[in-house]
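**Q** Just need the structure, nothing else, for what follows:
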Amino acid sequence: MQLFSRLIVILSAFAMTACVTTSDPLPSWNDGQTKTNIVTFVKQVTDKNSPNFVPAAERIATFDNDGTLWSEQPYYFQLAFVFYQIKNMADKHPEWKTTEPYKSVLANDIKGVMSSGEKGLMQLLAASHANMTASEFAQAVTDWSMTDTHPISGKPYTSMVYQPMLELLTYLRANDFKTFIVSGGGIEFMRAFTEDVYGIPPEQVIGSSLESHFEMRDGVPTIIKDAKLRFNDDKEAKPIGIYRHIGRRPILAAGNSDGDVAMLQYTTINPSKEDTSLRLGLMVHHTDEKHEWAYDRDSKIGKFDKGIEEAAKQGWTMIDMKNDWKVIYPTVK
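**A** Numbering: from 1, shown residues only. Predicted structure coming up:
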């Protein structure tokens with residue numbers, strides 16, 4: 001699909017090739033306790049002679065997307081896609097020029113958009129996502145990813161993925177893990193790019209979704225997206241999404257905010273005293289204000305408050321972006 005996305009995957013594959021030579025599976029990670037925890041965990045669950053060995057079929061790893069695999073400031077990237085769609089559709093809706101929240105979108109007034117609250121955001125979501133065929137929607141996401149750029153960095157959104165996490169995904173798959181995305185973002189939105197960007201196929205993506213229906217259009221079987229919310233895959237809903245779509249509890253989960261706490265609890269807390277299986281919880285802490293952003297407890301996007309306390313309680317590994325990562329984003333020349 002996208003040339004840039006393919007370059008990212010190539011870079012990640014190149015990094016893993018380098019790993020074979022240097023015996024370093026995570027070259028963009030600084031040496032330290034975080035990296036050691038990850039590598040030790042993978043070695044233990046894949047060593048047949050280890051008491052913590054896990055059969056390949058049970059090596060399930062789940063990752064949040066926003067703030068865990070790519071950036072999420074100053075607003076979730078799917079919202080940027082919504083703005084893109086509304087602007088592209090505006091010629092067919094002249095009434096939007098004087099009607100909120102569309103008026104604020106067309107004026108690039110982010111504060112005005114946010115002041116419309118959840119109701120306004122749902123209006124924008126419905127207008128920009130619904131009444132399209134599945135293929136039309138996927139093409140719209142592809143067009144957005146190839147043309148729109150981040151308001152601060154000026155980079156394409158799909159280039160603002162985390163190189164260390166790309167390496168982690170590749171490292172896990174090289175050790176027979178199956179990697180899933182479990183995100184509050186739209187499932188159809190993410191499926192349009194996750195295979196190219198992360199190497200994660202669409203059937204391994206779990207996310208929020210609108211209702212849809214089937215119909216025959218000119219003899220062609222067609223899926224149409226509707227305006228009604230079907231499933232909001234956030235917070236306590238994430239374990240439900242895992243249960244419904246995967247059917248196995250993960251042995252590794254990674255997130256970055258309070259919205260991911262339930263998923264990490266479901267992954268790392270063994271259901272009984274008899275179950276002593278080894279599990280790993282990872283939390284990405286945004287601490288690098290120079291190369292990305294620094295935020296946690298007071299952030300309106302990716303708030304990380306309860307998660308900090310729970311991470312300490314449960315022994316989850318905290319990934320300090322500033323100290324644990326050598327680079328943030330892939331470099332494409």
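
**Q** Can you tell me the element residue 103 falls in?
**A** Applying DSSP states H and E as the criterion places residue 103 in helix 102-106.

**Q** same check, this time on residue 51
**A** Following DSSP H and E, there is no helix or strand that holds residue 51.

**Q** how close does it sit to residue 276?
**A** 9 Å (Cβ to Cβ, to the nearest Å). From N, CA and C alone the C-beta is placed, and that goes for glycine too.

**Q** before we move on, what about residue 199?
**A** Distance of residue 199 to residue 276, given as Cβ to Cβ: 32 Å.

**Q** Can you give me the buried ones in whichever helix or strand comes after the helix holding residue 103?
**A** Downstream of helix 102-106, the next assigned helix or strand under DSSP H and E is helix 110-114. Neighbour counts over helix 110-114 (16 or more other Cβ atoms under 10 Å) mark residue 113 as buried.

**Q** What is helix 110-114 packed up against?
**A** helix 102-106, helix 117-129 (3 or more Cβ pairs under 8 Å, 6 or more residues apart in numbering; DSSP states H and E).

**Q** looking at the ones you listed, which has the lowest confidence?
**A** Comparing mean pLDDT across the helices and strands packed on helix 110-114, the lowest value falls on helix 117-129: a mean of 90.

**Q** How far does that one sit from its chain's centre?
**A** 21 Å (Cα atoms, centre = their mean, to the nearest Å).

**Q** residues in contact with the helix or strand just after that helix?
**A** Moving toward the C-terminus from helix 117-129, the next helix or strand (DSSP H and E) is helix 134-147. When contacts are defined by Cβ atoms under 8 Å, 6 or more residues apart in numbering, helix 134-147 is touched by residues 1-2, 4-5, 80-81, 84-85, 129, 132, 156-158, 188-189, 191-193, 212, 222-225.

**Q** Just want the angle from helix 134-147 to helix 117-129.
**A** Put simply, helix 134-147 runs at 100 degrees to helix 117-129, going by axes from the mean of the first three to the mean of the last three Cα atoms, to 10 degrees.

**Q** Can you name the next helix or strand after helix 134-147?
**A** Defined by DSSP H and E, the subsequent element after helix 134-147 is helix 163-174.

**Q** by contact count, what packs against that next one?
**A** Partner elements for helix 163-174 (3+ Cβ pairs under 8 Å, 6+ apart): helix 3-22, helix 33-46, strand 60-63, strand 178-186, strand 252-255.

**Q** Okay, buried residues for that helix please.
**A** Quick answer for helix 163-174 (16+ other Cβ under 10 Å): 163-173.

**Q** deepest of the helices and strands packed on helix 110-114, which one?
**A** The highest mean neighbour count among these, using mean count of other Cβ atoms under 10 Å, belongs to helix 102-106: a mean of 21.
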